[in-house]
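In: Show me how the following folds:
(2 chains)
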Amino acid sequence: MDSKPFVLAVVGPTASGKTWLGVELAKEYGGEVVSADSMQIYKGMDIASAKPTAEEMQGIPHHLISVIDRDTPFSAADYVKMAREVIADILVRGKLPIIVGGTGLYVDSLLNNVQFSEMKSDPAYRESLYALAREKGNDALYAELVAADPAAAESIHKNNTVRVVRALEVIHLTGRLFSELKAESIAEESPYDSLILGLNAADRAVLYERINARVDAMVRAGLVEEARAVCAEGNMRTAANAIGYKELIPFFDSEMSLGDCIDKIKQETRRYAKRQLTWFRRNERIRWIITDDFSKKYEILENSKKAIANYGRV
RNA sequence: GGCGCUAUAGCCAAGUGGUAAGGCAAGGGUCUGCAACACCCUGAUUCCCCAGUUCAAAUCUGGGUGGCGCCU
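Out: Numbers count the residues shown, from 1 in each chain, chains lettered A, B, ... in the order given. Take a look at the predicted model:
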């Protein structure tokens, strides 16, 4: 018997029914939901990020949703720190923490107990690196990393400027190798005993139909107005990344029809789901709950409960 | 009905006699501080069909079929 506190997690691609399942399981086992979503963490953006409504929450406490201002930078490191605190609090109250979200990096960082050391950013240095890439090309930038940390260079593609710059920044800031710090970061054992449930469709087309339908529902719920307001506000730092806003800009600028922009949102959402699946699929610890029909909620819930019972912690 | 143009991967598209660019979509994958981010990999034994010219045809010729435009 593991003495570490038990934590349940529900992951899966967007529109796979994580929100619903999380709430049902919370009702069943006396749990509280801890969101693991890089967009829902921000205030506003309610429709685009598909935040659960009060009705969907059914009175179950939800944490780490709408807690950060849109113009505040936020990272996986910040997430892990906050989530640990929230989880500790839930455990103290004798409830079951249920992590629900589609941001793979956040879930993995939290459950694998990735250690993010305290370090500041060096914007000027970063900018100098980006300038190097712009002026002399990706190869020149990459050469810096190859020279500084060959092991790190091996795992980062030369065209992935964002990652190459980050690795160099870490080395610059700490005086240590990025590859070394990375290895050390997962040295500590996870403080949680976790069961990860993964929701997915047996047939990709079924998931895609669901996504399309949900985007239409978002539009009916006022996505366009929300996007107009967020775009007008200007502080797009975070929102600029969210699917559902940037795709509408051509419509606001009268360069594309609304219908075409909405189709684009659907397409980007489908691609996002595909990337999420790629991320989660490689995690062998995930206990997949496969359904060929998302409307068979009873079946999904029963299969989930069976998996939880099998695990034997609650 | 006549004349002109055109037909290359799911879509857009280069190639005009020498052995099928590229982009998008799709699929697969990577991922440790912006992750709904960023990045990588994969595709036509074949160019609408048939016949011909040629050592060699997606490229030239003839015919057929489909599309577009103009005319009657």
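In: number of nearby residues for residue A:281?
Out: Residue A:281: 12 surrounding residues under other C-beta atoms under 10 Å. The way it works is simple: take the backbone N, C-alpha and C, and place the C-beta from them, glycine included.
In: any idea how far RNA strand B is from it?
Out: Residue A:281 is 5 Å from RNA strand B, where distance means C-beta to the nearest atom of the strand, to the nearest Å.
In: Helices of the stretch 151-300 of chain A, start to end?
Out: Per DSSP state H, counting those that start in this stretch, the stretch 151-300 of chain A carries helices over the ranges A:161-174, A:178-185, A:204-220, A:223-233, A:249-252, A:258-281, A:297-311.
In: Who's the closest spatial neighbour of the residue nearest to the spatial centre of chain A, skipping the chain neighbours?
Out: Centrality entry for chain A: nearest residue to the mean C-alpha point is residue A:103, 1.5 Å, by C-alpha atoms, centre = their mean. Ranked by C-beta to C-beta, 6 or more residues apart in numbering and with sequence neighbours excluded, the top spatial neighbour of residue A:103 is residue A:38, at 4.4 Å.
In: if I pick that neighbour, what's in contact with it?
Out: A:74, A:79, A:103, A:105, A:106 (C-beta atoms under 8 Å, 6 or more residues apart in numbering).
In: Number of residues surrounding the last one?
Out: Looking back up the chat, that one is residue A:106. Neighbours of residue A:106 under the rule other C-beta under 10 Å: 24.
In: do the first one as well
Out: The burial count assigned to residue A:74 is 17, neighbours taken as other C-beta under 10 Å.
In: list the contacts for it?
Out: Listed by C-beta under 8 Å, 6+ apart, the contact partners of residue A:74 are A:38, A:41, A:42, A:68, A:238.
In: So which bits of the stretch 101-250 of chain A are right by RNA strand B?
Out: Counting by C-beta under 7 Å from any atom of the strand, the residues of the stretch 101-250 of chain A close to RNA strand B are A:102-106, A:109, A:114, A:116-119, A:121, A:155-157, A:159-163, A:166, A:170, A:182-183, A:185-186, A:204, A:237-238, A:241-244.
In: Would you mind checking the residues you listed for buried ones?
Out: Taking 16 or more other C-beta atoms under 10 Å as the criterion, what is buried in these is A:102-104, A:106, A:109, A:114, A:156, A:161, A:166, A:170, A:182, A:238, A:242-244.
In: Nearest to residue A:217 among those residues?
Out: Nearest to residue A:217 among these, counting by C-beta to C-beta, is residue A:244 at 12.1 Å.
In: out of everything not next to it in sequence, what's closest to that closest one?
Out: By the measure of C-beta to C-beta, 6+ apart, the closest residue to residue A:244 outside its immediate chain neighbours is residue A:48, 3.6 Å from it.
In: Contacts only, for residue A:101.
Out: Residues near residue A:101 by C-beta under 8 Å, 6+ apart: A:11, A:18, A:35, A:36, A:37, A:40, A:107.
In: roughly how far apart are it and residue A:184?
Out: 26 Å (C-beta to C-beta, to the nearest Å).
In: pLDDT value on residue A:1, please?
Out: With respect to pLDDT, residue A:1 scores 51.
In: can you confirm residue A:117 is in a strand?
Out: No - going by DSSP: H, G, I helix; E, B strand; the rest coil, the assignment for residue A:117 is coil, not a strand.
In: That one reaches residue A:178, doesn't it?
Out: No - counting by C-beta atoms under 8 Å, residue A:117 stays clear of residue A:178, with 11.7 Å between them.
In: Quick one: end-to-end distance for stretch A:291-298.
Out: 11 Å (C-alpha to C-alpha, to the nearest Å).
In: Torsion angles phi and psi at the residue lying farthest from the centre of chain A?
Out: In chain A, the greatest distance from the average C-alpha position (C-alpha atoms, centre = their mean) is reached by residue A:136, at 33.5 Å. Here is the backbone geometry of residue A:136 (degrees, to the nearest 10): phi -110, psi 0.
In: Report the secondary structure state of residue A:7.
Out: strand.
In: State the number of residues packed around it.
Out: Residue crowding around residue A:7 was assessed by other C-beta under 10 Å; the count is 25.
In: My guess is it contacts residue A:100. True?
Out: No - between residue A:7 and residue A:100 there is no contact under C-beta under 8 Å: 11.4 Å.
In: Would you mind naming the helix or strand containing residue A:49?
Out: For residue A:49, there is no helix or strand it lies in under DSSP states H and E.
In: which residue sits closest to it, ignoring its sequence neighbours?
Out: residue A:39 (3.9 Å).
In: Any stretches of the stretch 51-200 of chain A with poor pLDDT?
Out: For the stretch 51-200 of chain A, no stretch has pLDDT under 70.
In: what are the ranges of the strands in it?
Out: Assigned by DSSP state E, counting those that start in this stretch, the stretch 51-200 of chain A shows strands spanning A:62-63, A:96-100, A:193-201.
In: now for those strands, which one comes closest to residue A:269?
Out: Each of the strands of the stretch 51-200 of chain A has some distance to residue A:269 by C-beta to C-beta; the shortest is strand A:193-201, at 14.5 Å.
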